[in-house]
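J.: Dropping a prediction and its sequence here:
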Amino acid sequence: MNLKSTSLNINLNIGLIFILLFLVHVSWSLVSPVGSSPDEDTHLNSIYCLSKFDKSPCDSLNERIVNIGKCFYLDSNQPASCDQYVTNKIAPVSRATVETIFYRTLSKFAKQNIDSSVFQMRIINSLIAVLMLIIIYLISPIKIFISAILTWLIVNIPLGFFLVSSINTSSWIISFSILFSVLIYLIYTTSSFLDIKIILAIFIFLIADNTRPDTKLIAMSILVSTLPMAAINLKQSNKKVMFYFLTLVVFFILLFGILTRSKIADLGRVNPIPIWEHLYRITSIPLGVFGGWGLGSLEIDLPALVSVSTNFLILGIIILALKNSTLQVNFSIIMFSLLIYLIPLFVITRSNLQVGEWYQPRYILPLFIPLIFACINSIIHFNISKSSILIITYTVSVISFAMSMHTVVRRYSHGSELLVLNLNSNYYWWWSLDYIPDPMQVILFSITAYSLIYLILFKLIQKVR
């Protein structure tokens, strides 16, 4: 096969990856009802306030918008069928926040039909996520692109897929994190089109920063923890030693800054919670990213197999990368890992919170993206992605993905206490839209698309070795 036909074949495969990935996100946007993501009533109120009054907050809205999800979001045994408010009533708005580019963008799709409007908003957020990965393909070598896609498929099980395909503001921050991580890596390690990469990084940062206030923390963490990668261009050992020393200084300055600014809440406790209590329990927050905590408003308990297998996979990737990577990559992996552990610890300690109060795994999820990207990129770069490793990764990911999606649909269509395998049996499908497929069709279609992406990626890995 000549070079031209090989290149065409690769491009067709990559185009198929984007189509399948979009369909995966669309499927996730269908498996939960309106009002299911954390604080969705706040987000929906803010969006509709901008749409109706061109300002936020506003005084009153449709009653279903104001009270969206409140009848089911704390009770996992209550199907979403309870959310049937009379849509022509008006209720006072109690939860709406300031205008952001996120709310302004989604307000363009806010119409009278709430189900249709929210579905369109979720589609837009899914498209934005895919667009970030398309940009990575356009600006990156093929190995970096493959690393980014694999990172996306693994890190987002299950919490990331749930959030990216929702109208939660975390959707844009997770999408921002994958593109920003790759851009910073390329800025540090390559010199081609440097101006364009810097401008693009600044542009997406400004958009994300106008979406959520924790964008600065995520961006600074990526900038500092990826910095060791820049040592690849240094040839003299004494310069590398000095560079690593300066990197450590910057890293500890960042940690000090996080520590001094990490108080986010005050519950009025008189007595401080002992530090040993935090140290005992703080690891549940990073583990919660991969199924250790619930989805939805934390009420959807996932099977333990999801958390065990996915965290096993994440830990295995990190260990494999540490064992086989260069010093600068290991430096970066350790720094990211420390931040993932220390940021929640600082926040919980400074705010005098118990683990489980206020601070959620979704806040730390964006930092797993640059961490696992660094690991997978190193594994692929050093050609240590053996067939057995790929098979394990594929098997664990698909099983965890399928179990997560099935559990979410069962919770909302039947209630968690009903152990039903065939979710088309006596189910309540909360969508009022005629063109939505039934639950099992959505699940099977999504699992098939997700599996095919993996198979195409494995073919590409074989071609670029």
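T.: That came in fine, so what should we check first?

J.: just checking, residue 10 touches residue 460?
T.: Yes. Between residue 10 and residue 460 there is a contact under Cβ atoms under 8 Å: 6.6 Å. Using the backbone N, CA and C atoms, a C-beta is placed for each residue, glycine as well.

J.: for residue 132, what are its contacts?
T.: Residue 132 sits next to 175, 176, 178, 179, 204 when contact means Cβ atoms under 8 Å, 6 or more residues apart in numbering.

J.: list residues touching both of residue 10 and residue 460?
T.: Residues touching both residue 10 and residue 460 by Cβ under 8 Å, 6+ apart: residue 142.

J.: Compare the two (neighbour count), which wins?
T.: Using other Cβ atoms under 10 Å as the criterion, residue 10 and residue 460 rank with residue 460 on top: 20 against 15.

J.: Once you drop chain neighbours, what's closest to the more buried one?
T.: residue 146 (5.7 Å; Cβ to Cβ, 6 or more residues apart in numbering).

J.: Where does that neighbour sit, in terms of helix or strand?
T.: Using DSSP states H and E, residue 146 falls within helix 142-155.

J.: Also residue 367?
T.: Using DSSP H and E, residue 367 falls within helix 365-381.

J.: again with residue 61
T.: Using DSSP H and E, residue 61 falls within strand 60-62.

J.: Show me what that strand pairs with in its sheet, parallel or antiparallel.
T.: Within its sheet, and counting by DSSP bridges, strand 60-62 is paired with strand 90-92 (antiparallel).

J.: outside of the strand it pairs with, which residues touch it?
T.: Here strand 90-92 makes contact (Cβ under 8 Å, 6+ apart) with 59, 60, 61, 62, 63, 66, 67.

J.: circling back to that earlier point, after the strand holding residue 61 comes which helix or strand?
T.: Next element after strand 60-62 (DSSP H and E): helix 63-66.

J.: how about the helices in the stretch 351-465 of the chain?
T.: Assigned by DSSP state H, counting those that start in this stretch, the helices in the stretch 351-465 of the chain fall at 365-381, 387-413, 439-464.

J.: same deal with the stretch 1-150 of the chain?
T.: According to DSSP H, counting those that start in this stretch, the helices that the stretch 1-150 of the chain contains are 3-30, 40-53, 63-66, 101-107, 114-139, 142-155.

J.: Quick check: buried residues in the fifth one?
T.: If you call a residue buried by 16 or more other Cβ atoms under 10 Å, then helix 114-139 has these buried ones: 114, 117-126, 128-130, 132-137, 139.

J.: and the helix holding residue 146, C-alpha only, in PDB?
T.: C-alpha atoms of helix 142-155 as PDB (Å, rounded to 0.1, in the frame of the first residue of the first chain):
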ATOM      1  CA  ILE A 142      -0.800  11.200  15.200                       C
ATOM      2  CA  LYS A 143       0.600   9.600  18.300                       C
ATOM      3  CA  ILE A 144      -0.400  12.500  20.500                       C
ATOM      4  CA  PHE A 145      -3.900  12.500  19.000                       C
ATOM      5  CA  ILE A 146      -4.200   8.800  19.700                       C
ATOM      6  CA  SER A 147      -3.100   9.400  23.300                       C
ATOM      7  CA  ALA A 148      -5.700  12.200  23.700                       C
ATOM      8  CA  ILE A 149      -8.500  10.000  22.400                       C
ATOM      9  CA  LEU A 150      -7.500   7.100  24.700                       C
ATOM     10  CA  THR A 151      -7.300   9.500  27.600                       C
ATOM     11  CA  TRP A 152     -10.800  10.800  26.800                       C
ATOM     12  CA  LEU A 153     -12.300   7.300  26.600                       C
ATOM     13  CA  ILE A 154     -10.700   6.100  29.900                       C
ATOM     14  CA  VAL A 155     -10.800   9.100  32.200                       C
END
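
J.: same for that helix, what does it pack against?
T.: When contacts are defined as 3 or more Cβ pairs under 8 Å, 6 or more residues apart in numbering; DSSP states H and E, helix 142-155 packs onto helix 3-30, helix 114-139, helix 170-189, helix 304-324, helix 365-381, helix 387-413, helix 439-464.

J.: Pipe those into JSON lines and attach mean pLDDT and distance to residue 96 per row.
T.: Formatted as JSON lines, those follow (pLDDT from 0 to 100; distance: least, Cβ to Cβ, whole Å):
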{"stretch": "helix 3-30", "mean pLDDT": "85", "distance to residue 96": "23"}
{"stretch": "helix 114-139", "mean pLDDT": "95", "distance to residue 96": "16"}
{"stretch": "helix 170-189", "mean pLDDT": "97", "distance to residue 96": "18"}
{"stretch": "helix 304-324", "mean pLDDT": "94", "distance to residue 96": "34"}
{"stretch": "helix 365-381", "mean pLDDT": "94", "distance to residue 96": "25"}
{"stretch": "helix 387-413", "mean pLDDT": "92", "distance to residue 96": "25"}
{"stretch": "helix 439-464", "mean pLDDT": "91", "distance to residue 96": "31"}
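
J.: so how far is residue 461 from the residue nearest to residue 460?
T.: Distance, residue 146 to residue 461, by Cβ to Cβ, to the nearest Å: 6 Å.

J.: go on, residue 405?
T.: Taking Cβ to Cβ, one finds residue 405 at 26 Å from residue 461.

J.: of those two, who's got more company?
T.: Between residue 405 and residue 461, counted using other Cβ under 10 Å, the more crowded position is residue 405 (26 against 19).

J.: quick one: the more buried one from residue 52, how far?
T.: With Cβ to Cβ as the criterion, residue 405 and residue 52 are 34 Å apart.

J.: follow-up on the earlier one: any chance of the helices and strands packed on helix 142-155 in TSV with distance to residue 71 as columns?
T.: As requested, the helices and strands packed on helix 142-155 are arranged in TSV below (distance: least, Cβ to Cβ, whole Å):
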stretch	distance to residue 71
helix 3-30	20
helix 114-139	15
helix 170-189	23
helix 304-324	27
helix 365-381	28
helix 387-413	12
helix 439-464	20
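
J.: What is the burial count for residue 447?
T.: When counting by other Cβ under 10 Å, one arrives at 18 neighbours for residue 447.

J.: which residues does it contact?
T.: Neighbouring residues of residue 447 by Cβ under 8 Å, 6+ apart: 398, 401, 402, 405.

J.: and if you look at residue 198?
T.: Contacts for residue 198 (Cβ under 8 Å, 6+ apart) come out as residue 187.

J.: buried set for the strand or helix carrying it?
T.: Using DSSP H and E, residue 198 falls within helix 194-209. By neighbour count on 16+ other Cβ under 10 Å, the buried set for helix 194-209 is 197, 200, 201, 204, 205, 207, 208, 209.

J.: Quick check: the fifth one touching residue 215?
T.: I take that to be residue 205. Yes. Taking contacts as Cβ under 8 Å, residue 205 lies within contact range of residue 215: 6.8 Å.

J.: so what's in contact with the two at the same time?
T.: Common neighbours of residue 205 and residue 215 (Cβ under 8 Å, 6+ apart) are residue 176.

J.: before we move on, back to that, the helices of the stretch 1-150 of the chain: which one's closest to residue 222?
T.: Comparing those against residue 222 with Cβ to Cβ, the closest turns out to be helix 142-155 (13.1 Å).

J.: Now do the very next helix or strand once past that closest one: everything it contacts.
T.: Once the chain leaves helix 142-155, the next helix or strand it forms, by DSSP H and E, is helix 159-164. Residues outside helix 159-164 that contact it (Cβ under 8 Å, 6+ apart): 24-25, 28, 32, 37, 125-126, 129, 152, 156, 170-171, 174-175, 288-291, 293, 295-296, 361-362, 365, 401, 404, 408.
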